[in-house]
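A.B. asks: sharing a model that was predicted from the sequence below.
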Amino acid sequence: MLKKYNLDFTSLKKLDFKLLTTLVLLTSFGIINIYLCTKGGVFNDPFLFTRKQLTWFFISLISICLFLTFDYRVIYQYVPIIYWITIALLIAVWIPGIGININGERGWIDLKISLLQPSEVAKFSIILMLSKLLDDMNCHINNRDNFRKILLYVSLPVGLILIQKDMGMTMVCFFIILGMMYIAGLDEKIILGGFSILVLAIALLWNSGLIFQHQKDRILEFLNTNNNTTGKGYQLDQGLISIGSGGLLGYSLSLDPEVSPEYAGTHVPEVQTDFIFTAIAEQWGFIGSLFLLFLYAILIIQILKIAKKAQDRFGEFICVGMASYILFAVTQNIGMTLELLPITGITLPFISYGGSSLFTTMISMALILNIEIGTKKLTFSKSNII
């Protein structure tokens with residue numbers, strides 16, 4: 001009876017195992033570093049963040065397996081439903097008793113067993129909706145009516161994220177949209193105009209209340225080269241000390257939960273989230289940091305290869321959207337920790353702590369793996385064995 005149904009593995013031959021292996025390596029590397037920088041006496045439970053991240057990792061792996069059981073094009077007809085559910089979630093954060101504030105930002109929904117960040121879901125939803133729109137209009141993106149339609153659909157979720165004062169995710173969504181529309185053939189004059197509007201919007205919103213004071217301080221701190229550890233640049237300064245102290249090979253790592261983490265784990269605020277690269281550079285040194293960048297390079301290259309082989313525009317633009325997200329997020333996150341870019345609170349994909357971020361990003365990658373499989377799907381066939 002246990003062998004009544006057997007899994008047909010023939011379509012697994014088209015699965016991109018290089019991409020899957022890179023995903024597992026990146027996520028595992030992230031979990032290890034979350035543990036290394038949060039163990040010891042820094043928190044009451046040295047396994048708190050590690051345990052939560054591991055839980056989401058296993059949930060993500062199960063979800064990937066489920067996503068491989070059907071043709072990705074089935075999702076095409078459900079994209080509008082996913083989009084409007086996302087809009088509802090972004091609105092729900094403002095409902096008392098459902099949405100909660102964290103660090104002054106009202107961008108989370110309390111699920112009792114965990115927290116959900118709808119803006120992370122929106123990132124995935126925007127990629128799906130924009131992919132469908134571009135496919136429907138046959139990439140005639142410079143047509144005025146088509147362009148207006150796209151702007152309408154992308155402006156709604158981005159606007160809702162903006163009023164949550166989540167500037168980091170707003171920037172992520174902007175560059176996802178920009179990357180996808182550029183590949184679709186958007187006129188370069190419109191792109192330049194978009195950047196001009198972005199700069200103008202920041203100037204207009206500077207004193208509107210939609211930008212927190214600490215977000216202004218981050219931008220001003222970036223423009224001010226005379227940082228000091230007693231001013232607004234404390235997190236950045238401590239992060240730079242951590243990165244510099246890692247040297248070529250980093251420190252001798254200890255997995256003992258009672259042993260306190262190195263400098264980043266004790267001096268860099270919220271090191272397990274958007275500043276985890278400082279801990280990686282300290283713990284693994286320059287070589288370890290290069291290894292991380294190497295994994296990201298493989299990931300992006302594999303995604304773009306799948307985009308070129310995709311059998312339709314819908315699959316192609318899903319891949320382009322994810323590649324745009326990963327490229328921008330990695331550049332911005334590492335750049336801000338090195339004082340090359342302003343601090344925006346953007347997390348490092350697959351590495352930083354955060355269940356919503358990990359789950360939605362892994363689901364997106366599951367879809368890309370499904371696109372690689374193409375028309376062949378995993379199926380369950382009856383066995384004659386009873």
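C.D. replies: Everything's here; your move. From a predicted model like this one, the values you see are computed outputs, not experimental measurements.
A.B. asks: kindly list the longest strand within this protein.
C.D. replies: The strand that spans the most residues within the chain, counting by DSSP state E, is strand 105-110.
A.B. asks: which sections of the protein are below the confidence cut-off?
C.D. replies: By pLDDT under 70, the low-scoring segments of the chain are 1-13, 41-44, 103-104, 202, 204-232, 374-386.
A.B. asks: where along it do the strands fall?
C.D. replies: Taking DSSP E to define them, one finds strands in the chain at 5-8, 99-102, 105-110, 115-116, 379-382.
A.B. asks: partners of the second one, with directions?
C.D. replies: According to DSSP bridges, strand 99-102 forms sheet pairs with strand 105-110 (antiparallel).
A.B. asks: span of stretch 180-194 from start to end?
C.D. replies: 14 Å (Cα to Cα, to the nearest Å).
A.B. asks: what does it contact?
C.D. replies: For stretch 180-194, contacts defined as Cβ atoms under 8 Å, 6 or more residues apart in numbering pick out 127, 130-131, 134, 139, 141-142, 147, 150, 178, 317, 320-321, 324. Bear in mind the C-beta positions are built from the backbone N, C-alpha and C, glycine included.
A.B. asks: let's go with 6 Å and repeat that
C.D. replies: Identification of contacts with stretch 180-194 by Cβ atoms under 6 Å, 6 or more residues apart in numbering yields Leu130, Leu134, Cys139, Ile141, Asn142, Phe317, Val320, Gly321.
A.B. asks: and if you look at stretch 307-325?
C.D. replies: By Cβ under 6 Å, 6+ apart, stretch 307-325 touches 76, 127, 131, 134-135, 175-176, 179-180, 183, 300, 303-304, 306, 364, 367-368, 371, 374.
A.B. asks: one more: stretch 348-360?
C.D. replies: Stretch 348-360 has contacts (Cβ under 6 Å, 6+ apart) with 26-27, 30, 34, 49, 53, 56, 60, 114, 116-117, 120-121, 124, 272-273, 276-277, 326, 329, 333, 347, 361.
A.B. asks: out of these, which are inside helices?
C.D. replies: 26-27, 30, 34, 49, 53, 56, 60, 120-121, 124, 276-277, 326, 329, 333, 361 (DSSP state H).
A.B. asks: please check those residues and keep the buried ones.
C.D. replies: For the ones in helices among the contacts of stretch 348-360, a burial check counting by 16 or more other Cβ atoms under 10 Å picks out 26-27, 30, 34, 49, 53, 56, 60, 120-121, 124, 276-277, 326, 329, 333, 361.
A.B. asks: quickly list what the spatially closest residue to Leu116 that is not a sequence neighbour is bridged to.
C.D. replies: Spatial nearest neighbour of Leu116, chain neighbours left out: Ile109 (4.5 Å); criterion: Cβ to Cβ, 6 or more residues apart in numbering. Note on Ile109: beta-bridge partners by DSSP bridges are Gly99, Leu116.
A.B. asks: show the contacting residues for Asn333.
C.D. replies: Going by Cβ under 6 Å, 6+ apart, Asn333 touches Ile346, Leu348.
A.B. asks: tell me where the chain has helices.
C.D. replies: Taking DSSP H as the test, the helices found in the chain are 17-38, 48-67, 79-92, 118-136, 144-163, 167-183, 188-205, 213-223, 234-245, 263-267, 276-309, 313-337, 355-373.
A.B. asks: what distance separates the second one from the centre of its chain?
C.D. replies: It stands for helix 48-67. Helix 48-67 sits 15 Å away from the centroid of its parent chain (Cα atoms, centre = their mean, to the nearest Å).
A.B. asks: counting by contacts, list what it packs against.
C.D. replies: Contact here means 3 or more Cβ pairs under 6 Å, 6 or more residues apart in numbering; DSSP states H and E; on that basis helix 48-67 packs against helix 17-38, helix 355-373.
A.B. asks: just those: most buried one?
C.D. replies: Comparing those by mean neighbour count (mean count of other Cβ atoms under 10 Å), helix 355-373 comes out on top with a mean of 22.
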